[in-house]
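J.: okay, sequence plus prediction incoming.
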Amino acid sequence: MERTVTVGSLIALYRAEGIEPVLNLGDVVISGWVRTNRPSGQLAFLELHDGTHFLSLQLVYTKENQGFDMMSRLKTGAAIVAHGTLRASPSDKQPFELAVKSIELVGDVAEDYPLQKKRASFEFLREQAYLRPRANTFQAVYRVRSVLAHAIHSFFQERGFVYVHTPIITGNDAEGAGQLFRVATEGKDPFTDFFGKEAHLTVSGQLHGEAFALAFKDIYTFGPTFRAEHSNTPRHASEFWMIEPEMAFCDLKGDMEIIEASLKHAIKTVLEKCPDEIAFFDKFIAQGLKEKLEHVLNSPFRHMTYTEAIAALEKAVKEGVSFENKDIFWGMDLQSEHERYLCEKIALGPLFLTDYPKEIKAFYMKENPDGKTVAAVDLLVPGEGELVGGSQREDNPEKLKAKMGSLKDMDWYWNLRRYGGCPHAGFGIGFDRLLMYVTGMQNIRDVQLFPRTSNALKY
């Protein structure tokens, strides 16, 4: 009797118990899509990919197979069901293969199928976004995306954090950036008719998350956020996912401890569960990727204040280091080149940069006793620069009121400090940028399934 198998189950069995249990399965049936088909004289090789693993399974058929002519004409992308017997492979590329008894064509492929054997550029594949999950690179990217998302949830769930869903439509702008997608209707006033006030898509779930943290103690959000930026850089998208934990009875030190632990857990999980994908990225996308990730995983995260960082950058300029942004002064907003220099040349690894000037940070960050800086932190990592941003939140009602200024309809946020407020802290990780970091992909459009950027809404 035939047993239905998948590529994923076969590889898992082989890696856990060796080749013999795989060969002892007898006759099997497996379904999937043709990756390549190479008829050659009496012997032919077909690579079948079924989506259950990054790797594929080699199928071998011969002239003696009934239906050989049909099999030899199977095109890349065709959906098939194959029947056969597993056997050891003489090739070093795979430990086992399927000796075909029969193949059923389930779904043929039209002649204009865009994905062929030749390698396609990322730019071309962005125009075929609905098909690119079938390409090797994107099979790897989206599988890592799934594992990485699960790693985030497992880290916080195992530590008792409550997962909350904060609103996507909101009247609050947490960042104060002003680049918002306004929500409109077909009413008399399209921007105020439905909700009775202006509404927009959220740029952050943080403020609503704080309300839950002051009831559940430790919470996290993990959902979509939106920025109406007309930006065509490889790092910006109009829609992206954010991880935003909030912890009550927590200061900046505790915040940094959770940042470090969560990031290391995520990297460790990907390295353990996606070895084939990481090997692929290391070979074809970003050489040295695995070494970089292992370095972050095994390094203690160093600490430096913003003031110390400015002094270090000023010293570097005097010693002849050339920055594109040469004007270094206390109070400036550090650029990516400065951040990368600090972590790659000075810290030689991940670096927590803390205590920024209050003028360049958001209103909700706690003012330090010096009256000039706030208890904010950015995590800088080699090869990227800033990867995580967080802070201790201002819990003093009077100081927060002064900082809020003319912000409208925010009494509820201020009242959180008056109604049993306590020290609390949190941070945000751009999930898509984290995925770029662990895969080595260079463009945010290539780690999102259907990217949303300005002047690009094809799907």
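T.: Nice, thanks for sending it over.

J.: tell me the SS of Leu48?
T.: For Leu48, the assignment made with DSSP: H, G, I helix; E, B strand; the rest coil gives strand.

J.: do I have it right that it meets Ala78?
T.: No: in this structure, Leu48 is not within contact of Ala78 by CB atoms under 8 Å, at 10.1 Å. Quick note: C-beta positions are derived from backbone N, CA and C, even for glycine.

J.: more neighbours: these two, which one.
T.: Neighbour count, other CB atoms under 10 Å: between Leu48 and Ala78, Leu48 has more, with 24 against 19.

J.: what's across from the more buried one in the sheet?
T.: Beta bridges link Leu48 to Val34, Leu57, judged by DSSP bridges.

J.: Ala425 too?
T.: Per DSSP bridges, the residues bridged to Ala425 are Met247, Gln392.

J.: identify the residues contacting it.
T.: Ala425 makes contacts with 246-247, 250-252, 254-255, 375, 390-393, as judged by CB atoms under 8 Å, 6 or more residues apart in numbering.

J.: now which of the residues you listed would you call buried?
T.: Neighbour counting with 16 or more other CB atoms under 10 Å marks 246-247, 250, 252, 255, 375, 390-393 as buried within these.

J.: how close does Lys264 sit to Thr307?
T.: Noted for Lys264: a distance of 27 Å to Thr307, by CB to CB, to the nearest Å.

J.: apologies, that question was intended for Phe363.
T.: 21 Å.

J.: and what about Val147, helix, strand or coil?
T.: helix.

J.: phi, psi of Phe323?
T.: Geometry field for Phe323 lists phi and psi as phi -110, psi 150, criterion degrees, to the nearest 10.

J.: not counting sequence-adjacent ones, nearest residue to it?
T.: Glu337 (5.6 Å; CB to CB, 6 or more residues apart in numbering).

J.: look up phi and psi at the nearest residue to Ile285 once chain neighbours are set aside.
T.: Computed as CB to CB, 6+ apart, the closest residue to Ile285 that is not its neighbour in sequence is Gly440, at 4.5 Å. The phi and psi values for Gly440, taken as degrees, to the nearest 10, are phi 80, psi 0.

J.: and the residue nearest to Phe323, how many neighbours?
T.: 14.

J.: quickly list what Gly84 is bridged to.
T.: For Gly84, the beta-bridge partners under DSSP bridges are Val28, Val100.

J.: now it: how far from Ala228?
T.: According to CB to CB, Gly84 stands 54 Å off from Ala228.

J.: pick out whichever of these two has more residues nearby.
T.: The neighbour comparison of Gly84 against Ala228 (other CB under 10 Å) goes to Gly84, with 21 against 16.

J.: what's the distance between that one and Cys422?
T.: Counting by CB to CB - Gly84 and Cys422 are separated by 64 Å.

J.: tell me who's in contact with Ile19.
T.: Ile19 sits next to 88, 95-96 when contact means CB under 8 Å, 6+ apart.

J.: repeat that for 10 Å
T.: Residues in contact with Ile19, defined by CB atoms under 10 Å, 6 or more residues apart in numbering, are 13, 86-89, 95-96.

J.: ok, of those, which come out buried?
T.: Looks like the contacts of Ile19 have 13, 86, 95-96 buried, using 16+ other CB under 10 Å.

J.: burial of the closest residue to Glu47 other than its chain neighbours, as a residue count?
T.: Computed as CB to CB, 6+ apart, the closest residue to Glu47 that is not its neighbour in sequence is Arg35, at 4.1 Å. When neighbours are counted by other CB under 10 Å, Arg35 registers 19.

J.: from now on call the first residue 552
T.: Okay, using 552 as the starting number, the last item reads as Arg586.

J.: so Arg586 sits against Ala630, correct?
T.: No: look at Arg586 against Ala630 with CB atoms under 10 Å: they stay out of range, at 11.9 Å.

J.: so what's Phe746 up against?
T.: When contacts are counted by CB under 10 Å, 6+ apart, Phe746 touches 720-722, 734, 736.

J.: before I go, just wanted to say thanks for your time.
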